[in-house]
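Q: quick one: sequence and predicted model below, then my questions.
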Amino acid sequence: MKNLWQKIRQVDTNFLIAISAVVISLCALIVSFQEVRIMRQQQEVSMYPHLSFRQIYSKEGFAIHLRNSGIGLAQINSVELSDGKRYYKNWPEMIAAHLPDSLQFGYEAIVSNTVNEKMMIPGEEIVLFSVNWTPATRLLEQKMKVLTMTICYSSLLEEYWLIENDKRQALSSSCKRIEAQQFY
């Protein structure tokens, strides 16, 4: 027992205090790194957009809406509308291609918007296309089922997603934007 006490008395207390301070400092550094990582994840989650399409049918007509149901801004980088054979520039071009001339209707009956290269805020919903029911619009609605709308968008933290007819996938980099295929 005496030997143990002698050895303990021989240990330099300043050295023990210094070692303890280094260990405590390292622990504090690890905790700080962990806090930064958690804060970064919270920041990313607070900027997470989530776009989705909604098709709305009523006795008056039908509509296609785009909604940002996420909690972050969505920067829309690219919009394409295709029937598999060609890409359309706008809604009137698509309507002219899919309706026979005898069934054309007045364009004052259409509500349409574009979102290409726009920013959508959280909770925002935009009517992309809306028409009232007529024989021509009923035929158009059937023919529109073959169309594919593809939207590429990103968050402010440069995370990228692709939504294609309401199927969403995360991307590792931004979409390739081909001007000849853009829908405005």
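A: In hand now; what should we look at?

Q: next helix or strand past the longest helix along the chain?
A: Ordering each helix of the chain by length in residues (DSSP state H) puts helix 13-45 first. For helix 13-45, the following helix or strand on the C-terminal side (DSSP states H and E) is strand 51-57.

Q: which residues sit against that following strand?
A: Applying C-beta atoms under 8 Å, 6 or more residues apart in numbering, the contact partners of strand 51-57 are 62-70, 74, 76, 120, 125, 149, 151, 153, 161, 163, 165-166, 168. Heads up, the C-betas are built off the backbone N, CA and C, glycines and all.

Q: tell me the buried residues in it?
A: Leu51, Phe53 (16 or more other C-beta atoms under 10 Å).

Q: that strand pairs with which strands, parallel or anti?
A: Strand 51-57 has the following sheet partners, assigned by DSSP bridges: strand 61-68 (antiparallel).

Q: okay, the partner strand in CSV with CA atoms only?
A: Provided in CSV are the C-alpha atoms of strand 61-68 (Å, rounded to 0.1, in the frame of the first residue of the first chain):
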residue,chain,number,x,y,z
GLY,A,61,-63.7,20.3,-67.1
PHE,A,62,-60.2,19.0,-66.3
ALA,A,63,-57.0,20.6,-65.3
ILE,A,64,-53.3,19.7,-64.6
HIS,A,65,-51.7,21.3,-61.6
LEU,A,66,-48.1,21.4,-60.4
ARG,A,67,-47.6,21.7,-56.6
ASN,A,68,-44.6,22.3,-54.4
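
Q: contacts for that strand?
A: Residues contacting strand 61-68 (C-beta under 8 Å, 6+ apart): 49-56, 74, 111, 115, 120-133, 137, 141, 149, 151.

Q: what of stretch 85-95?
A: With C-beta under 8 Å, 6+ apart as the test, stretch 85-95 has contacts from 80-83, 97, 104, 107, 110, 112, 114, 129, 140, 144, 147, 180-184.

Q: hmm, which of those are the buried ones?
A: Burial by neighbour count, judged by 16+ other C-beta under 10 Å, picks out Glu80, Leu81, Ser82, Ile110, Ser112, Phe129, Leu140, Met144, Gln181, Gln182, Phe183 from the contacts of stretch 85-95.

Q: and the first one, that's in a helix?
A: No: with DSSP: H, G, I helix; E, B strand; the rest coil as the criterion, Glu80 is strand rather than part of a helix.

Q: any idea what it is bridged to?
A: Beta bridges link Glu80 to Thr150, judged by DSSP bridges.
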